[in-house]
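> fold the following.
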Amino acid sequence: MDKESNRWLSLYENTYKIINKIVNDYGTGILPDFIVKDTTTGEFIPSPPNFLESENDGNYYYNACRTPWRISMDYLINGNADAKKFADTLNAFIIKKTQNDPTNIMAGYTPDGTAISDWDDLCFNAPFIVSAACSEDKTWHDKVRNMCINYGEDVYFGDTITMLCLIVDDSGWVVPEIGDTSIRGDVNADGEFNISDVVLLQKWLLAVPSVELSDWKAADLCEDGRLDVFDLFLMKRMLIEKNKSSLSAQ
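Coordinates of the predicted model:
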């Protein structure tokens with residue numbers, strides 16, 4: 001994996017650490033619109049009121065209403081265990097809170113689960129279709145789905161979110177296939193093939209202690225599933241050709 005991929009993976013994993021903390025702290029699965037790092041404790045907490053947009057910045061409101069869809073989708077598509085934990089916690093909370101009636105889902109909650117509005121809104125209701133799809137409770141899932149389908153006219157925001165949630169629920173979300181992104185010869189996976197890769201492979205073949213190949217497949221130039229001096233020979237020849245091309249371009 002190259003450095004850029006590692007950075008994205010680190011961001012992905014750290015984001016779930018923050019999500020898990022909020023889920024564990026409140027036990028509802030309700031995430032606030034914005035989360036900040038407490039300057040005193042270093043802990044991640046709901047933002048204060050009017051941090052960025054309104055008095056509900058630290059509540060589950062018109063930004064965070066999409067989290068039951070976006071996070072739960074990571075379980076449905078990628079099987080992420082943290083996303084499953086989030087969905088299960090959220091489902092248990094909302095079923096109990098609404099007394100098993102999705103028409104009682106309100107437009108906003110505090111992180112501990114207290115409703116902050118006395119009305120419903122489709123952009124809050126629809127994302128629960130996706131979190132419900134992560135559970136084994138088909139009855140609840142069907143109730144939420146049917147309610148949203150029969151909700152009637154709504155504004156652009158709610159209708160768009162509903163459409164996207166239904167696409168996920170119907171297994172219609174298109175996930176791009178990830179091809180082989182490795183660079184031939186780039187055994188140290190720094191995003192470029194150069195002399196350092198040749199030296200690294202040579203040291204590895206000589207069994208120099210502590211030498212590891214970040215992407216050994218990039219060195220399998222003979223495509224026989226193993227690395228040997230023949231791969232090293234081809235790698236050296238490939239480097240010579242690369243240098244010739246660079247000189248010609250100057």
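> helix or strand for P68, just tell me which one.
Under the criterion of DSSP states H and E, P68 resides in helix 67-78.
> export the helix or strand just after that helix to CSV, keeping only CA atoms.
Downstream of helix 67-78, the first helix or strand assigned by DSSP H and E is helix 81-97. Below are the C-alpha coordinates for helix 81-97, written out as CSV (Å, rounded to 0.1, in the frame of the first residue of the first chain):
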residue,chain,number,x,y,z
ALA,A,81,-17.7,-4.1,12.3
ASP,A,82,-17.6,-0.6,13.8
ALA,A,83,-20.4,0.5,11.3
LYS,A,84,-22.4,-2.6,12.4
LYS,A,85,-22.0,-1.6,16.1
PHE,A,86,-23.1,1.9,15.3
ALA,A,87,-26.2,0.7,13.4
ASP,A,88,-27.2,-1.8,16.1
THR,A,89,-26.9,0.8,18.8
LEU,A,90,-28.9,3.3,16.8
ASN,A,91,-31.6,0.8,15.9
ALA,A,92,-32.1,-0.3,19.5
PHE,A,93,-32.4,3.3,20.6
ILE,A,94,-34.8,4.5,17.9
ILE,A,95,-37.1,1.5,18.2
LYS,A,96,-37.4,2.0,21.9
LYS,A,97,-37.7,5.8,21.6
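> helices along this protein, start to end?
Remark: helices assigned in the chain by DSSP state H are 3-26, 67-78, 81-97, 122-125, 127-133, 138-149, 156-169, 195-205, 229-249.
> out of those helices, which is closest to T110?
helix 3-26 (8.7 Å; Cβ to Cβ). C-betas here are computed from N, CA, C, even on glycine.
> tilt between the closest one and helix 67-78?
Put simply, helix 3-26 runs at 130 degrees to helix 67-78, going by axes from the mean of the first three to the mean of the last three Cα atoms, to 10 degrees.
> what does helix 3-26 contact?
Applying Cβ atoms under 8 Å, 6 or more residues apart in numbering, the external contacts of helix 3-26 come out as 1, 29, 31-32, 35, 43-44, 46, 71, 80, 82-83, 85-86, 89, 111-113, 181, 189-191.
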